[in-house]
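Student: Test case, fold it:
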Amino acid sequence: MEQNNNEKATERTTVHNLMILDESGSMQAIYNAALGGANETIQTIRAAEREHPDQDHRFTFVTFNTTGQWVKTVFDDVPIAEVRDLTKEDYRPDSCTPLYDAMGTSITSLERRVKEGDAVLVTVSRPPAWERMDVRLYRRQPGLRGGVKGFGYL
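Tutor: This next block holds a predicted model:
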């Protein structure tokens, strides 16, 4: 019986932290606040892992705009202890806002990694102007939001 308690004490819950940040031109007006806020979130996740030794926090950071890739993955399922603070090289706002493409692509990718008992936290920045340039994933998978239990925007 003592072995069961020891086994449970060493079990760790994987917490998947997915941050999706608008990198479109409309974010230029709040660039410093957006970059600073993203780094504050990373620091909070690091602190949460230190405070909860039974949790293994992993981090995925995705940006989106209509330049190049549309959805750019900067960090993909990296242990939070290995994630550095974001720099101006990581985040350069321009172009338009394909929010649903970014959400759909990154949440679909995350779903493949999440196992029974894992926790998931998704943080989405809300574009100030709410302009939309979503043509790819959202139109192919209109039921995407139906699978999400809760929705909130920063």
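Student: Helices of the chain, residue ranges please.
Tutor: Taking DSSP state H as the criterion, the chain contains helices spanning 2-10, 31-51, 99-113, 137-140.
Student: T67: which of these is closest?
Tutor: Nearest to T67, of all the helices of the chain, is helix 99-113, at 12.8 Å by Cβ to Cβ. The way it works is simple: take the backbone N, C-alpha and C, and place the C-beta from them, glycine included.
Student: counting contacts, what elements does that closest one pack onto?
Tutor: strand 13-22, strand 55-64, strand 71-79, strand 119-124, helix 137-140 (3 or more Cβ pairs under 8 Å, 6 or more residues apart in numbering; DSSP states H and E).
Student: The third one: how far from the chain's middle?
Tutor: On the basis of Cα atoms, centre = their mean, to the nearest Å, the separation between the geometric centre of strand 71-79 and that of its chain is 8 Å.
Student: Render the CA-only coordinates of it in PDB, please.
Tutor: Taking C-alpha atoms only, strand 71-79 is exported to PDB below (Å, rounded to 0.1, in the frame of the first residue of the first chain):
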ATOM      1  CA  VAL A  71       0.600  30.900 -38.800                       C
ATOM      2  CA  LYS A  72       4.200  30.900 -37.400                       C
ATOM      3  CA  THR A  73       5.200  28.600 -34.600                       C
ATOM      4  CA  VAL A  74       8.000  30.100 -32.600                       C
ATOM      5  CA  PHE A  75       8.100  27.400 -29.800                       C
ATOM      6  CA  ASP A  76       6.500  24.000 -30.300                       C
ATOM      7  CA  ASP A  77       5.800  21.900 -27.100                       C
ATOM      8  CA  VAL A  78       9.000  23.000 -25.400                       C
ATOM      9  CA  PRO A  79       9.500  22.400 -21.600                       C
END
